[in-house]
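>>> No letters, just coordinates:
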């Protein structure tokens, strides 16, 4: 996977969200993989609201990410994973494979 979060592959996301009892939300986005033809990358973000969740992704370089509809909301396992992570922002490259673990977002960011 590329370490830079820029490019045209962020143009057509699919995803969804769920609102938690405390009022915060978990947003899940499935984006086309920049390295695998037909592959996807799944991002999970925990934030105060949907706009803030998308802003967190845009601040990391995913400029053209939009959430349209709620076709692919996060599963209960995904909600649990992102709530138990200190950054509240995770990804994995093969959402359909249960044996791949979630990675923190800093694994995609360029190293200083």
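Looks like it arrived, so ask away. Since this is a predicted model, take the numbers as computed values, not measurements.
>>> okay, CA-based contacts and neighbour counts for the rest of this
Fine.
>>> so residue 30 bridges to which residues?
residue 14, residue 42 (DSSP bridges).
>>> Around it, count how many other residues there are.
Residue 30 is flanked by 24 other residues according to other Cα atoms under 10 Å.
>>> Isn't it up against residue 15?
Yes: counting by Cα atoms under 8 Å, residue 30 does reach residue 15; the two are 5.6 Å apart.
>>> okay, and the common contacts of the two?
Shared contacts of residue 30 and residue 15 (Cα atoms under 8 Å, 6 or more residues apart in numbering): none.
>>> Which residue, other than its chain neighbours, is closest to the most centrally placed residue in the chain?
In the chain, the centroid-proximal residue (Cα atoms, centre = their mean) is residue 43; its distance is 1.5 Å. Distance criterion Cα to Cα, 6 or more residues apart in numbering; nearest residue to residue 43, sequence neighbours excluded, is residue 91 at 4.4 Å.
>>> Okay, and residue 90 sits in which element?
strand 89-92 (DSSP states H and E).
>>> the longest helix in this protein is where?
helix 50-59 (DSSP state H).
>>> So for it, what gets flagged as buried?
For helix 50-59, the neighbour count (16 or more other Cα atoms under 10 Å) marks 50, 53-57 as buried.
>>> and stretch 64-77, how far apart are its ends?
From its first residue to its last, stretch 64-77 covers 27 Å (Cα to Cα, to the nearest Å).
>>> Report the rounded mean pLDDT for that stretch.
The average pLDDT for stretch 64-77 rounds to 87.
>>> Tell me the neighbouring strands of the least confident helix or strand in the chain by mean pLDDT, and mark each as parallel or antiparallel.
Using mean pLDDT, DSSP states H and E, strand 103-104 stands out as the lowest-scoring helix or strand of the chain, at a mean of 86. Using DSSP bridges, the strands paired with strand 103-104 are strand 89-92 (antiparallel).
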